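> heads up, no residue letters with this:
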């Protein structure tokens, strides 16, 4: 059974996924499953190799669950680090604290085409993916034991993807993670001093400054953040102040699909399909009226390695100034 | 000129190393320089390819600076992200804050033998390396503009090393990094509640518990931390309460060399020279009597990739429970 252990010094939580109990030899075959060996558990015909599906989007009203014919398919993560079927318990023994590894770990298989990418899907298809993510978000948020829903996409093995077939992951934890707590502390402090949402202020400021704006269209804006941690990092924010990803509406989904596809396609074309992560940042699901937040997506290309300086200090060294990154991204023709 | 920019939300600092100004094509040749192309700037005969040396350890009292004959050699980092020759300035414009990229970036070339490793050096040689690190620490700490000295070792390209030749890096920053601040907050809180150093308590507790102790000898103890973030992570702590790495004495250096060599050699043998980082955690150089800290080394094997979950939440998923890691590490024969 997994455990969520709390670091006694930083209060950071660590999921100890004891179920896998990896020993040295487990790390040696940690390669991508690609077309080279011909098998992929996310392709048509492998539906029985995943746990039974949670939902799927299909053109065929007569399609049976766990059979081909789907366009987007959500399944429990077969190698889940968190488990929804166990009790949420706490354990303080001796010096340390831990919780049981209660939570959610799902996979959203974003297409039935193994070699498709987020940058090459049709806009309709990307809208479907966003709608599926929103519907999982809304459903999972009804469980009051879960405090935070982390949705993310790993693309490429250097970004932590173990499978090439395009997919997203949904994880939900019974604690608000330390990185989110730190953001909430920052947004609250800004609100207390300046009387407004810091993200709303950033949007206005960046649009006025222009030099870091990658795209400003319809309901969303994309820019290279001032203190970018990764080369060619970009953030996509809704212009409307929304705490929480579940608040996105149909019109806004269309707008998000467009800007998301554009940024990802620019990376694919400009960097020849680099490894990258997309991270959803959103308010905790705990209904706390005091919380100031503004959900957004962070797109993090993984072109450099995280090394000793980053691990020691928590600060990143970024060799590409965001103003240059913006210029380069704008120039890439797609 | 580099800049240290402050994230407006988390207060995290980011070094924007504008001097490198990396564009897409700069990332394509980011491979290790190894024996395959026959050239290494850290080998004998390449002394002129580094900036002029700061100090060197040699058996030959007549050796000239920047010539062969050294055993350990310290040089400024040729691709420094921080620069010691500029003014430390602050700039608040519009919404954001930044500082100039003032700081220190040095490389400690730990041996003249390209293919040697920390696990295969003689104990005497490792003592020399530790003494050199201590002497750089003590010297850099005299500059009151610098608040923190981050010493670390990247080994292997997946751990962020761009050169194979064994080396350490020394960086010093004009701010106390966010990760250190968080640790100081935690140690202080523990001290205020329990009246003692949390690391001293951990040492006692772990020695009593036994199950996570990898080695307990002379002046140091090595264990797998309870909330290990990385598979086979280990920490080496001095048993004597010392805030700061510069306090280590000659006798303790002998003891540290032994335990450090043992742990690294176990990784080299058990995992066939895996990528890893070694991170020094120490008190800030600012003379603050209130600071509670206990310096130590963290040895972080990089067997798994940091992916979307870690980047989003700041929490790690570790597939190897530390109790199992301890068992495995103890069983590896060296």
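Structure received. Keep in mind that this is a model prediction, so the values were computed, not measured.
> quick one: the helices in the stretch 101-250 of chain A, in order.
A:123-140, A:178-194, A:198-209, A:250-270 (DSSP state H, counting those that start in this stretch).
> Throw the ones you listed into CSV and include mean neighbour count, distance to residue B:140 and mean pLDDT, thanks.
C-beta: built from backbone N, CA, C; applies to glycine. Formatted as CSV, the helices of the stretch 101-250 of chain A follow (neighbours: other CB atoms under 10 Å in any protein chain shown; distance: least, CB to CB, whole Å; pLDDT from 0 to 100):
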stretch, mean neighbour count, distance to residue B:140, mean pLDDT
helix A:123-140, 18, 48, 98
helix A:178-194, 17, 29, 91
helix A:198-209, 18, 35, 95
helix A:250-270, 19, 39, 97
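> closest to residue B:247 out of those?
helix A:178-194 (30.0 Å; CB to CB).
> quick one: that closest one near chain B?
Yes. Applying CB under 8 Å from any CB of the partner chain, one finds helix A:178-194 in contact with chain B at A:178-180, A:182-183, A:186-187, A:190.
> give the next helix or strand downstream of the helix or strand of chain A with the lowest mean pLDDT.
In chain A, no helix or strand scores lower on mean pLDDT, DSSP states H and E than strand A:13-16, which sits at a mean of 62. Going down the chain from strand A:13-16, the next helix or strand is strand A:55-58, by DSSP states H and E.
> check which element follows that following strand along the chain.
With DSSP H and E, the next secondary element past strand A:55-58 is strand A:70-76.
> given the helix or strand following that following strand, what are its sheet partners and their directions?
Heading C-terminal from strand A:70-76, the first helix or strand you meet, by DSSP H and E, is strand A:90-93. If you go by DSSP bridges, strand A:90-93 pairs up with strand A:96-100 (antiparallel).
> just how off-centre is the partner strand within its chain?
Centroid separation for strand A:96-100 versus its chain: 25 Å, with CA atoms, centre = their mean, to the nearest Å.
> for stretch A:143-153, same thing?
Computed by CA atoms, centre = their mean, the chain-centroid distance of stretch A:143-153 equals 11 Å.
> is chain B contacted by it?
Yes. Counting by CB under 8 Å from any CB, chain B has neighbours in stretch A:143-153: A:148, A:150, A:152-153.
> so what's residue A:173 bridging to?
Residues in beta-bridge contact with residue A:173 (DSSP bridges): residue A:148.
> so it sits against residue A:150, correct?
Yes. Shown here, residue A:173 and residue A:150 form a contact pair, counting by CB atoms under 8 Å, at 7.1 Å.
> quickly list what's touching both of these two.
residue B:313 (CB atoms under 8 Å, 6 or more residues apart in numbering or on different chains).
> between those two, which is the more surrounded one?
residue A:173 (28 against 25; other CB atoms under 10 Å in any protein chain shown).
> returning to what we had before: as JSON lines, the residues of stretch A:143-153 next to chain B with pLDDT would be great.
Below are these laid out as JSON lines (pLDDT from 0 to 100):
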{"residue": "A:148", "pLDDT": "95"}
{"residue": "A:150", "pLDDT": "97"}
{"residue": "A:152", "pLDDT": "98"}
{"residue": "A:153", "pLDDT": "98"}
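> which among these gets closest to residue A:298?
Closest to residue A:298, out of all of the residues of stretch A:143-153 next to chain B and judged by CB to CB, is residue A:152, at 9.3 Å.
> spit out the contact partners of that closest one.
A:168-169, A:171, A:277-280, B:307-309, B:311-312 are the contacts of residue A:152 under CB under 8 Å, 6+ apart.
> next one: residue A:280
A:133, A:150-152, A:245, A:295-297, B:312.
> ok, the closest residue to chain B within the stretch 51-200 of chain A to residue A:277 distance?
Using CB to the nearest CB, the single residue of the stretch 51-200 of chain A nearest to chain B is residue A:160, 2.4 Å away. Distance, residue A:160 to residue A:277, using CB to CB, to the nearest Å: 7 Å.
> higher neighbour count, these two?
residue A:277 (25 against 22).
> nearest to residue B:284, out of the helices of the stretch 101-250 of chain A?
helix A:178-194 (19.5 Å).
> what is in contact with residue A:160 and residue A:277 at once?
The contact sets of residue A:160 and residue A:277 overlap at A:154, B:307-308 (CB under 8 Å, 6+ apart).
> ok so, going back, once you drop chain neighbours, what's closest to the residue of the stretch 51-200 of chain A closest to chain B?
residue B:307 (2.4 Å; CB to CB, 6 or more residues apart in numbering or on different chains).
> my guess is the residue of the stretch 51-200 of chain A closest to chain B contacts residue A:154. True?
Yes. Counting by CB under 8 Å, residue A:154 is a contact partner of residue A:160 at 4.4 Å.
> who touches both of the two?
In contact with both residue A:160 and residue A:154: A:277, B:307-308, using CB under 8 Å, 6+ apart.
> what sits against the residue nearest to residue A:160?
A:152, A:154, A:159-161, A:277.
> just the pLDDT for the residue of the stretch 51-200 of chain A closest to chain B.
We have a pLDDT of 92 for residue A:160.
> if we can go back for a sec, could you export the shared contacts of residue A:160 and residue A:277 as JSON lines, including pLDDT?
Listed next are those as JSON lines, based on pLDDT from 0 to 100:
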{"residue": "A:154", "pLDDT": "97"}
{"residue": "B:307", "pLDDT": "93"}
{"residue": "B:308", "pLDDT": "95"}
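> where along the stretch 201-334 of chain A do the strands fall?
A:213-217, A:220-223, A:234-238, A:276-281, A:296-301, A:316-318 (DSSP state E, counting those that start in this stretch).
> okay, now the sheet partners of the fourth one, with direction.
This means strand A:276-281. Next to strand A:276-281 in the sheet, as set by DSSP bridges, lie strand A:148-155 (antiparallel), strand A:296-301 (antiparallel).
> what does the last one give?
Partner strands for strand A:316-318, per DSSP bridges, with pairing direction: strand B:13-16 (parallel).
> one more: the first one?
Applying DSSP bridges, strand A:213-217 is found paired with strand A:220-223 (antiparallel).
> what sits up against the strand it pairs with?
Strand A:220-223 is contacted from outside by A:203, A:206-207, A:212-216, A:234-239, A:252, A:255-256, A:259, A:262-263, A:326, using CB under 8 Å, 6+ apart.
> give me the residue at the spatial middle of chain A.
residue A:152 (1.6 Å; CA atoms, centre = their mean).
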